[in-house]
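Colleague: A structural model of the following input is requested.
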Amino acid sequence: MAPVLLAVSHGSRDPAAVTATRALLRRVRSLRPELTVRCGFLDLARPSLAEALARLSGARPILVPLLLGTGYHVRVDLPAALAAADLPPGHLAPALGPHPLLAEALADRLTEAGAPADAPVVLAGAGSSDPTALADTDRMAALLAVRLGRPVTPAHLSAATPTPHQAVAALRATGHPAVAVATYLLSPGFFARRAATTPARWTGAPLAAHPAVARLILHRYDQARAATGFLTAA
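Modeller: The predicted model follows:
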């Protein structure tokens, strides 16, 4: 029997963010209907991760972080939750990003926003005080640049610079009046609204329930599942 996929989201006070998370997991279930998929939140929404683990009645889940970088939550909080639930460290999948499937989703969101193929792009990540998470955003910008075939400037919505406003302003100052912002967030909410306030001409929507993100969640699950000794799905 395949282990449960327990998706772990950051959580938000914004109901739209929780709705987007649940829509994403519905898409995951549609791709692999035989798999049990559950969700827990690290903060600000229910069920909490501890509640979600308790509801599994002895099942040994694989935790898939719905997080775009390897920051404090992935390195500290989630391993601690596994230990508290008497689960081995191998039952934690890697963070979603960076990954080429996210570049696919980001490129699609830019196209949906009307951004042309030659517009310079700023990647607006959430930001972090963790150097590992910031490096992941830089790597994601490089992957998106490969996908788009043009440079992408990484930026951070909190805790680090340049901010998306600064990055857009810098591009405009060097002769690029029409700039696009790729919103490197999974869900709508405070940071997504902040990303939408730059003077960029086009701003992509958050990734939300993009099919490539759903495929990536299953890929991360399968990676961890194989490491635990379970056979991966066909």
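
Colleague: make it CA atoms for all contacts and neighbour counts henceforth
Modeller: OK.

Colleague: who are the packing partners of the strand or helix carrying Ala52?
Modeller: Ala52 is part of helix 49-54 when elements are defined by DSSP states H and E. Contact analysis of helix 49-54 by 3 or more Cα pairs under 8 Å, 6 or more residues apart in numbering; DSSP states H and E lists strand 37-41 as its packing neighbours.

Colleague: could you give the average pLDDT over stretch 195-210?
Modeller: Looking at stretch 195-210 alone, the average pLDDT works out to 97.

Colleague: model confidence score at the most centrally placed residue in the chain, please.
Modeller: With distances taken as Cα atoms, centre = their mean, the residue of the chain nearest its centroid is Leu68 (3.5 Å). For Leu68, the model assigns a pLDDT of 97.

Colleague: cool, and Val213?
Modeller: With respect to pLDDT, Val213 scores 98.

Colleague: these two touch, right, it and Ala103?
Modeller: No - between Val213 and Ala103 there is no contact under Cα atoms under 8 Å: 9.8 Å.

Colleague: before we move on, the earlier item: just checking, which helix or strand succeeds the helix holding Ala52 along the chain?
Modeller: The first helix or strand that comes after helix 49-54 along the chain, using DSSP H and E, is strand 62-65.

Colleague: next structured bit after that next one?
Modeller: For strand 62-65, the succeeding helix or strand toward the C-terminus, using DSSP H and E, is helix 72.

Colleague: in the helix holding Ala52, what's buried?
Modeller: 49, 52-53 (16 or more other Cα atoms under 10 Å).

Colleague: neighbouring contacts of the worst-scoring helix or strand of the chain on mean pLDDT?
Modeller: Among the secondary structure pieces of the chain, namely its helices and strands, helix 72 has the lowest mean (mean pLDDT, DSSP states H and E), a mean of 90. Applying Cα atoms under 8 Å, 6 or more residues apart in numbering, the external contacts of helix 72 come out as Asp130.

Colleague: average pLDDT across the following helix or strand past that helix?
Modeller: Following the chain from helix 72 toward its C-terminal end, the next helix or strand by DSSP H and E is helix 78-84. What helix 78-84 shows for mean pLDDT is 93.

Colleague: touching, Leu171 and Val179? I think so.
Modeller: Yes - taking contacts as Cα under 8 Å, Leu171 lies within contact range of Val179: 7.4 Å.

Colleague: cool, thanks, talk later.
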